[in-house]
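Peer 1: coords below, sequence missing:
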DNA sequence: GAGTGGTCTAGACCACCCC
DNA sequence: GGGTGGTCTAGACCACTCC
């Protein structure tokens, strides 16, 4: 089950192995795991390597440790929702809904001062502007505008955007998307939003602005979304 | 600067030392840190111990690593906001506002089915109910209702709540608050909320429900807040 | 080739929990 | 006292970046 000769790090293999056991239900919330020493013995690896795998899983909320007692499976009933950076598509799938998308606009424009400052580029530099209505189970869920520097992310097409923008950036351009900041606020639908989302003028909406960055802090993407408040709640999980 | 005989772990001392340098501005965003090996040499500690300190700081967003190049200070201009679990008081202080509070109600009630299920207790078990208006710079910011199991958190007083509930739970009761789930949604002020928050009926508000847990998953606290949308935006930072 | 972070080892002693 | 996680050491080899 653990291949020591594989180029895949051992700690990562162990991580996936344990995650698999949890997802298959062989390890249930509250269950204690075999001790770090037992894993080390069983797979003939160092205890530090086991600890590295455990630490990642603790950090991601799969496990928790109690000194002197052991390592246990977390109760993730409530905390399931947002684990790290996900796309709209993944988000909807996790919520058990069928994601969809309706393209309104895809073009290159000159960056406004506001967009340029968010993307850390000069005013009037070219940026892709993509406007879409996002659907969940074929019903409008959000109205979304995406801005991407055309000098940083070259060769973008509608097709790529439809598939997976993040995969393209990471696998074709070899850039590593690392983190994002989201600003969430409450507002009221204007006429345009009401029309696109099929709700009443003045109905509550959740505005989410996401700024995505590479590891060195270079902005990759700016997304402004308006979600229907009657269909969408934002959930996050926080560690102390 | 590093005391190897102190009961405080070396990796933690190094963490604080580096954080200090960043906060004092001696290390600026984009700067590269001395290498792991240099720190190990300088303080006569193992490289693994240095890595442990670095890893925590990377995880908390202070640093980022580039293989083959070095370790660098993150640009935290935008990402500053919400780092882990914070109280209203801390939150407002970080935003540069003066926090305040106006107590509306403090009593023990029998848990409704809804509250009981959130706190994982039986219906009609005693719970503290605390209702407050939260102020920022003396202006209403949020209307907040807190529910806490009276059997779990004993001896709660208004005074404790006014100071720091979390300190009381951790230092007096020796329970370790570990994580929380927050659900954020957009809504419109009803008459009561409008009155308390000094806004118009129908004005947008941000509803935030927070469920707080101990390490083993025991619910500690349930907080329902209604924030004025014109004064409050929720910000989060996410790692991929 | 020299320097960096990424992974890994085989030990060690400690603090804590439970019997 | 025996088991657990928490910390720490002093090495090792690898992949990567830069010159």
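Peer 2: Thanks, I have it. Computed from a predicted structure; not experimentally measured.
Peer 1: In the record's domain split, what are the boundaries for chain A?
Peer 2: Chain A is divided into the following domains under automatic domain parsing: A:10-73, A:88-228.
Peer 1: Among those domains, which comes closest to chain B?
Peer 2: domain A:88-228 (3.9 Å; C-beta to the nearest C-beta). For glycine as for every other residue, the C-beta is placed from the backbone atoms N, C-alpha and C.
Peer 1: now do the same end-to-end measure for the closest one.
Peer 2: Using C-alpha to C-alpha, to the nearest Å, one end of domain A:88-228 lies 14 Å from the other.
Peer 1: is that domain up against DNA strand C anywhere?
Peer 2: No. Contact of domain A:88-228 with DNA strand C (C-beta under 7 Å from any atom of the strand) is absent, the minimum separation being 9.6 Å.
Peer 1: With stretch A:59-69 instead?
Peer 2: Yes. Remark: stretch A:59-69 sits within contact range of DNA strand C at A:66-69, by C-beta under 7 Å from any atom of the strand.
Peer 1: Just put the domains of chain A in TSV and tack on mean neighbour count and mean pLDDT.
Peer 2: What follows is these, written out as TSV (neighbours: other C-beta atoms under 10 Å in any protein chain shown; pLDDT from 0 to 100):
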stretch	mean neighbour count	mean pLDDT
domain A:10-73	15	91
domain A:88-228	17	91
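Peer 1: now the ones you listed in TSV, with distance to residue B:93?
Peer 2: Output for those, formatted as TSV (distance: least, C-beta to C-beta, whole Å):
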stretch	distance to residue B:93
domain A:10-73	27
domain A:88-228	19
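Peer 1: thinking again about what came up before, out of the residues of stretch A:59-69 next to DNA strand C, who's nearest residue B:29?
Peer 2: Residue B:29 lies nearest to residue A:67 out of the residues of stretch A:59-69 next to DNA strand C, by C-beta to C-beta, at 35.9 Å.
Peer 1: now the strands for chain A?
Peer 2: If DSSP state E is used as the criterion, the strands of chain A fall at A:63-66, A:70-73, A:99-110, A:126-136, A:139-149, A:177-188, A:204-214, A:219-228, A:234-239.
Peer 1: State the distance from the residue of chain A found nearest DNA strand C to residue A:35.
Peer 2: Closest to DNA strand C within chain A is residue A:68: 2.5 Å, counting by C-beta to the nearest atom of the strand. Noted for residue A:68: a distance of 11 Å to residue A:35, by C-beta to C-beta, to the nearest Å.
Peer 1: Next: residue A:197.
Peer 2: 52 Å.
Peer 1: just residue A:135 next, same as before
Peer 2: 48 Å.
Peer 1: likewise residue A:28?
Peer 2: Taking C-beta to C-beta, one finds residue A:28 at 18 Å from residue A:35.
Peer 1: Residue A:163 too?
Peer 2: To residue A:35, residue A:163 is 44 Å away according to C-beta to C-beta.
Peer 1: related to what we said a few turns ago, next, format the domains of chain A as JSON lines and append distance to DNA strand D.
Peer 2: Below are the domains of chain A laid out as JSON lines (distance: least, C-beta to the nearest atom of the strand, whole Å):
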{"stretch": "domain A:10-73", "distance to DNA strand D": "3"}
{"stretch": "domain A:88-228", "distance to DNA strand D": "8"}
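Peer 1: can I get these in a markdown table with distance to chain B?
Peer 2: Shown next, in a markdown table, are the domains of chain A (distance: least, C-beta to the nearest C-beta, whole Å):
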| stretch | distance to chain B |
| --- | --- |
| domain A:10-73 | 5 |
| domain A:88-228 | 4 |
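Peer 1: Quick one, which of those domains gets closest to residue B:46.
Peer 2: When the domains of chain A are compared by C-beta to C-beta, domain A:10-73 sits nearest residue B:46, at 11.4 Å.
Peer 1: Any idea how far apart the tips of the closest one sit?
Peer 2: Using C-alpha to C-alpha, the end-to-end distance of domain A:10-73 comes to 21 Å.
Peer 1: just stretch A:40-47 next, same as before
Peer 2: First-to-last residue span, stretch A:40-47, C-alpha to C-alpha: 5 Å.
Peer 1: Show me what that stretch is in contact with.
Peer 2: A:1-2, A:4, A:10, A:14, A:34, A:36-37, A:39, A:49-50 (C-beta atoms under 8 Å, 6 or more residues apart in numbering or on different chains).
Peer 1: roughly how far out does that stretch sit from the chain middle?
Peer 2: 33 Å (C-alpha atoms, centre = their mean, to the nearest Å).
Peer 1: Checking it against DNA strand C, do any of its residues make contact.
Peer 2: Yes. Stretch A:40-47 lies within reach of DNA strand C by C-beta under 7 Å from any atom of the strand, at A:44-47.
Peer 1: With distance to residue B:141 as extra columns, can I get the residues of stretch A:59-69 next to DNA strand C in CSV?
Peer 2: Output for the residues of stretch A:59-69 next to DNA strand C, formatted as CSV (distance: C-beta to C-beta, whole Å):
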residue, distance to residue B:141
A:66, 37
A:67, 39
A:68, 43
A:69, 41
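Peer 1: Looking at these, which is nearest residue B:155?
Peer 2: Nearest to residue B:155, judged by C-beta to C-beta, of the residues of stretch A:59-69 next to DNA strand C is residue A:66 at 24.9 Å.
Peer 1: how near is the residue of chain A positioned farthest from its centre to residue A:47?
Peer 2: Computed with C-alpha atoms, centre = their mean, the residue of chain A farthest from its C-alpha average is residue A:41, at 35.5 Å. Using C-beta to C-beta, residue A:41 is found at 9 Å from residue A:47.
Peer 1: and the residue nearest to residue A:233 when sequence neighbours are not counted, bridged to which residues?
Peer 2: In space, and not counting its chain neighbours, residue A:233 is closest to residue B:185: 4.4 Å by C-beta to C-beta, 6 or more residues apart in numbering or on different chains. Residue B:185 has the following beta-bridge partners by DSSP bridges: residue B:207.
Peer 1: Equivalent analysis for residue A:102, please.
Peer 2: residue A:133.
Peer 1: Identify the residues contacting it.
Peer 2: A:132-135.
Peer 1: can you narrow the contacts of stretch A:40-47 to ones near DNA strand C?
Peer 2: Near DNA strand C, by the rule C-beta under 7 Å from any atom of the strand, you find A:4, A:10, A:49 out of the contacts of stretch A:40-47.
Peer 1: The first one and residue A:10 touch, don't they?
Peer 2: By that I understand residue A:4. Yes. Shown here, residue A:4 and residue A:10 form a contact pair, counting by C-beta atoms under 8 Å, at 6.4 Å.
Peer 1: Contacts for stretch A:10-27, please.
Peer 2: A:1-4, A:6, A:33, A:39, A:43, A:45, A:49-50, A:52-53, A:56-57, A:62-63, A:73.
Peer 1: one more time with 6 Å
Peer 2: Stretch A:10-27 is contacted by residues A:1-2, A:45, A:49, A:52-53, A:56-57, A:73 when judged by C-beta atoms under 6 Å, 6 or more residues apart in numbering or on different chains.
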